[in-house]
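A.B. asks: got a predicted structure here, sequence first:
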Number of protein chains: 2
Amino acid sequence: MKLGEGVEAAIHCAAMLAGVDGNSTMSGAAMAEAFGLSPSYLLKHLNQLTAARILESVPGPAGGYRLARAAERITLLDIVLAVEGREPAFRCGEIRQRGPIKLDASAYVKPCGINTAMLKAERAYRAALAETKLSDIVANYAAEGDPRSIAASCAFVERHQRPQKSASSKQI
Amino acid sequence: MKLGEGVEAAIHCAAMLAGVDGNSTMSGAAMAEAFGLSPSYLLKHLNQLTAARILESVPGPAGGYRLARAAERITLLDIVLAVEGREPAFRCGEIRQRGPIKLDASAYVKPCGINTAMLKAERAYRAALAETKLSDIVANYAAEGDPRSIAASCAFVERHQRPQKSASSKQI
DNA sequence: GGACTGTTACTCGGATAAATGATGTCCGAGTTAACTTGG
DNA sequence: CCAAGTTAACTCGGACATCATTTATCCGAGTAACAGTCC
């Protein structure tokens, strides 16, 4: 029951990317610098977000990352699942049928009650994460964050975002 | 976001211990055999449950483990926290103040909104786990489990449980 | 025959190695901007 | 002066070491039952 450190970085980066203009991008190196992280390692997590269609990557000079869709359509669950994997935290190893009292398969058609209960809890966890959109994070930060911190963040974004010449609308 | 394998073993053992009579005990070796696990390693998890006051251990010959309180008063959350640790899965490393835009401490009195959202989800997870009592697991198994499996489990318990001569009521 | 004592075998408990996964780093493929050069 | 070609630098992407956590194991401390012995 421990989430990797990359989840925090991924969410912070996504929130920062929500502040860049339309089709502009921000390089992974800039975000790594903003949070004091290893650039090469942050790329690993950003690539996971890209593979999950949450971010888009633009190669070449003046390239970088950008949200693949509006912040209102990105939930914390999307990000967590992209970084940590989609499989549930509790994996039933069916140890009830690993001992000497192993019956034939017809006795284990019903799912393990323990597994059911654990998965129910995990559904609650994911539902709570799905309720929070990335735009909520940004809005909450804009509303309740310290004004100096907001100003510093906006200044950093303004300084490091790289506008793109074309491709303002990307059809998939 | 991955729970250790010991959680499953711990819950199964607790459920099995819920089937032993009053003050009888069952040895860790017996439970390890029942689930095909390494006896020495299972002891590690059982000790964690003992340290968390969920189980009681009786040393010596005819010793073993026993529930420390009624199954109605043990929740899945108790077991999970005992094995996996009590700290939340998401630990906010405050990476927002690790970069070059570090303001003075007065700008970070408000908790990080991301941390708040993640902890809210974790509260939902723990609440769902707290709703399920160990007695519910046992009752559900008795009601919906395969009759042959129930009979085999009961026979195993009957064969391996060790009644205690005295100390029927233990005051702490 | 009963009670005490020493032994013994069984239990838990913690200290000690191996393995898996997470973390961190490096170098290469690809792409686009800028520069150079010719018209 | 303009445009095409070339260069070059910057980007992402994946392959390669390093470290921590989890998993697994072994041996020792402790305890209660059991057998033997004395009263």
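C.D. replies: That came through, no problem. Numbers count the residues shown, from 1 in each chain, chains lettered A, B, ... in the order given.
A.B. asks: contacts, neighbours, all on C-alpha from now
C.D. replies: Will do.
A.B. asks: which residues sit in contact with A:Ala128?
C.D. replies: By Cα atoms under 8 Å, 6 or more residues apart in numbering or on different chains, A:Ala128 lies in contact with B:Lys120, B:Ala121, B:Ala124.
A.B. asks: now A:Gly145
C.D. replies: Neighbour list for A:Gly145: B:Lys110 [criterion: Cα under 8 Å, 6+ apart].
A.B. asks: do the same with A:Lys120
C.D. replies: Going by Cα under 8 Å, 6+ apart, A:Lys120 touches B:Ala128.
A.B. asks: nearest to DNA strand C, of the contacts of A:Ala128?
C.D. replies: Nearest to DNA strand C among the contacts of A:Ala128: B:Ala121, at 19.5 Å, using Cα to the nearest atom of the strand.
A.B. asks: quick one, phi/psi of the closest one?
C.D. replies: When quoted as degrees, to the nearest 10, the phi and psi of B:Ala121 stand at phi -60, psi -40.
A.B. asks: wait, it touches A:Leu129, no?
C.D. replies: Yes - B:Ala121 lies in contact with A:Leu129 (Cα atoms under 8 Å); the separation is 5.8 Å.
A.B. asks: do you know how far the most centrally placed residue in chain A is from DNA strand D?
C.D. replies: Centroid check for chain A by Cα atoms, centre = their mean gives A:Ile79 as the closest residue, at 1.8 Å. The gap separating A:Ile79 from DNA strand D is 15 Å, by Cα to the nearest atom of the strand, to the nearest Å.
A.B. asks: just the element for that residue, please.
C.D. replies: helix A:76-84 (DSSP states H and E).
A.B. asks: residues contacting A:Ala30?
C.D. replies: Taking Cα under 8 Å, 6+ apart, we find A:Ala30 in contact with A:His160.
A.B. asks: can you rerun that using 6 Å?
C.D. replies: Not one residue lies near A:Ala30 by Cα atoms under 6 Å, 6 or more residues apart in numbering or on different chains.
A.B. asks: any idea which helix or strand carries it?
C.D. replies: Assigned by DSSP H and E, A:Ala30 falls in helix A:28-35.
A.B. asks: close to DNA strand C, is that helix?
C.D. replies: No - residues of helix A:28-35 contacting DNA strand C under Cα under 7 Å from any atom of the strand: none, with a closest distance of 10.3 Å.
A.B. asks: next, the buried residues of that helix.
C.D. replies: A:Gly28, A:Ala29, A:Ala30, A:Met31, A:Ala32, A:Ala34, A:Phe35 (16 or more other Cα atoms under 10 Å in any protein chain shown).
A.B. asks: so which of the residues you listed reach DNA strand D?
C.D. replies: Residues of the buried residues of helix A:28-35 in contact with DNA strand D (Cα under 7 Å from any atom of the strand): A:Gly28, A:Ala29.
A.B. asks: ok now stretch A:94-106, how far from the chain's centre?
C.D. replies: The chain centre lies 38 Å from the centre of stretch A:94-106; the measure is Cα atoms, centre = their mean, to the nearest Å.
A.B. asks: to clarify, my last question referred to stretch A:86-105.
C.D. replies: 31 Å.
A.B. asks: contacts for that stretch?
C.D. replies: Defining contact as Cα under 6 Å, 6+ apart, one finds that stretch A:86-105 is touched by A:Asn115, B:Met1, B:Lys2, B:Leu3, B:Ala34, B:Phe35, B:Gly36.
A.B. asks: hang on, the third one in a helix?
C.D. replies: No - when classified by DSSP: H, G, I helix; E, B strand; the rest coil, B:Lys2 is found to be coil rather than part of a helix.
A.B. asks: setting aside sequence neighbours, what's the nearest residue to it?
C.D. replies: Among residues not flanking B:Lys2 along the chain, A:Ala89 sits closest, at 4.3 Å (Cα to Cα, 6 or more residues apart in numbering or on different chains).
A.B. asks: any idea which element that neighbour lies in?
C.D. replies: Counting by DSSP H and E, A:Ala89 is part of no helix or strand.
A.B. asks: perfect, I'm done here.
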